[in-house]
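Visitor: Here you go, sequence then predicted model.
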Amino acid sequence: MFKLSRTNKLDWQKAEIMNYRHLVLCSIASLTLNLAPAFAQETKQPEQPKATEPAPTETPAPKESAASQTPPEYLDNRSTPETLILSYYNAINRGEYARAYSYYAPDNPPQPFPQFQAGYDTTASVEVQFGKAVGEGAAGSAFWSQPLAIKSEGKDGTVTVFNGCYRLKLANPAIQGVPYVPLSILDGTLEKSEKPFEESVPEGCEAP
């Protein structure tokens, strides 16, 4: 059997140790190369600052115009001069111009219906205030003069105040035939008022 000398044995052991160290270093280097991509993927990139977004602004709700408001409840009451005129402007506010036209005396319309209706094309709504009506009877009929002021709002938002008097007539119901004619508007005169609506009602009207 071949035997190593002491010197050769030491040299051989040193060589083995050197080879072992070389293998270990090579393994570590190989492992480092394999792990480097994984470490690179896991490394988080610094977040870029986000652009500051402007705070959302609240858009105010559009103001509801008189033209788009819900129409008032239906009113048709010919019991008194005041309730009849309220019914008349109720019809105007609801866009029921044929009904409004019917509150005039059949034998004394203010104008042909197409012109009457066209006169309210730009009107969105009307408010009314009343003074004290004055009445008198003559030849089986009753007549009234009704002082009033109106505030008219146009579809463009323009507000105008008018004042004046309406004349009304009711033939004695006990002696009427067919067709029956209820309390009706004979005519009306309105002028533009420079005063506020609340102060524009005339103190009185001429006798009917």
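Guide: Cool, got the structure. Residues are numbered from 1 along each chain as shown.

Visitor: drop to CA atoms for contacts and neighbour counts, all remaining ones
Guide: OK.

Visitor: Tell me where the model's unsure across this structure.
Guide: Scanning the chain with the threshold set as pLDDT under 70 gives 1-68.

Visitor: could you pull out the strands for it?
Guide: 123-130, 134-138, 141-154, 159-171, 184-192 (DSSP state E).

Visitor: can I get the ones you listed in a markdown table with distance to G95 and mean neighbour count?
Guide: Listed next are these as a markdown table, based on distance: least, C-alpha to C-alpha, whole Å; neighbours: other C-alpha atoms under 10 Å:
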| stretch | distance to G95 | mean neighbour count |
| --- | --- | --- |
| strand 123-130 | 9 | 20 |
| strand 134-138 | 30 | 13 |
| strand 141-154 | 13 | 22 |
| strand 159-171 | 18 | 21 |
| strand 184-192 | 19 | 17 |
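
Visitor: Could you export these as a markdown table, including distance to E73?
Guide: As requested, the strands of the chain are arranged in a markdown table below (distance: least, C-alpha to C-alpha, whole Å):
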| stretch | distance to E73 |
| --- | --- |
| strand 123-130 | 13 |
| strand 134-138 | 28 |
| strand 141-154 | 18 |
| strand 159-171 | 22 |
| strand 184-192 | 21 |
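
Visitor: Looking at those, spot the one closest to R99.
Guide: strand 184-192 (12.2 Å; C-alpha to C-alpha).

Visitor: Give the other helices and strands that the closest one contacts.
Guide: When contacts are defined as 3 or more C-alpha pairs under 8 Å, 6 or more residues apart in numbering; DSSP states H and E, strand 184-192 packs onto strand 159-171.

Visitor: Residues in contact with the strand it packs on: which ones?
Guide: The contact list for strand 159-171, computed with C-alpha atoms under 8 Å, 6 or more residues apart in numbering, reads 81, 105, 140-153, 181-197, 200-202, 205, 208.
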